[in-house]
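Undergrad: can you look at this prediction? I've put the sequence above it.
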Amino acid sequence: MEDIGRFLFLAAGAVSLFTFLSIAHWVNIQAVERQARERFALLKKIAEQPTDSAKLVLDLLREDEAKERTATERKTVTTRRDSLQTGAILIALGVAVALAFAIASDRPRLWALGLIPISVGMVVAGFAALDRKQGVQE
């Protein structure tokens, strides 16, 4: 009976987590869509009444778009750098674990456990490096 209660608790937690994530994603999409609709309405209004103030508003919109583009590029660079650092840390951890097991253990092949974080680190760093190459080509 204790196992059933634990299962129900974990199942309810998992369902709640994924429900929350899906609702949060949906709300974000709605906000982005609303912002795009408002921007389109503003541009339509400006197109109907061309004046000097309309030119100022268009210049401000262009500046906002340029700022958003710059922020996105910075975030991309930061994400790549963080991924490379994570891969390097995992590789170093794997080497340290392999060396520790090789030195301190009586079993001859226990050092191979260090290959797990090494391989994960290589995958993370590899994907970050490939992502960087694709970003340069764009």
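TA: Now that the structure is in, tell me what you want to look at.
Undergrad: for F127, see how far away the residue nearest the centre of the chain is.
TA: For the chain, the residue nearest the mean C-alpha position is T79 (7.1 Å; C-alpha atoms, centre = their mean). Per C-beta to C-beta, to the nearest Å, T79 is found 11 Å from F127. (Each C-beta comes from the backbone N, C-alpha and C, glycine too.)
Undergrad: with R6 instead?
TA: Distance of R6 to F127, given as C-beta to C-beta: 36 Å.
Undergrad: same question for I103.
TA: According to C-beta to C-beta, I103 stands 32 Å off from F127.
Undergrad: what about these two, which has more around it?
TA: F127 (14 against 8; other C-beta atoms under 10 Å).
Undergrad: count the residues that sit near the closest residue to L90 other than its chain neighbours.
TA: Using C-beta to C-beta, 6 or more residues apart in numbering and skipping residues adjacent in sequence, the residue nearest L90 is G121, 2.9 Å away. A count of nearby residues for G121, using other C-beta under 10 Å, gives 20.
Undergrad: what do you get for I46?
TA: When counting by other C-beta under 10 Å, one arrives at 16 neighbours for I46.
Undergrad: wait, R80 sits on F127?
TA: No - counting by C-beta atoms under 8 Å, R80 sits too far from F127 to count as a contact (9.6 Å).
Undergrad: what's the longest helix in the chain?
TA: Scanning the chain for the helix with the most residues, using DSSP state H, yields helix 52-104.
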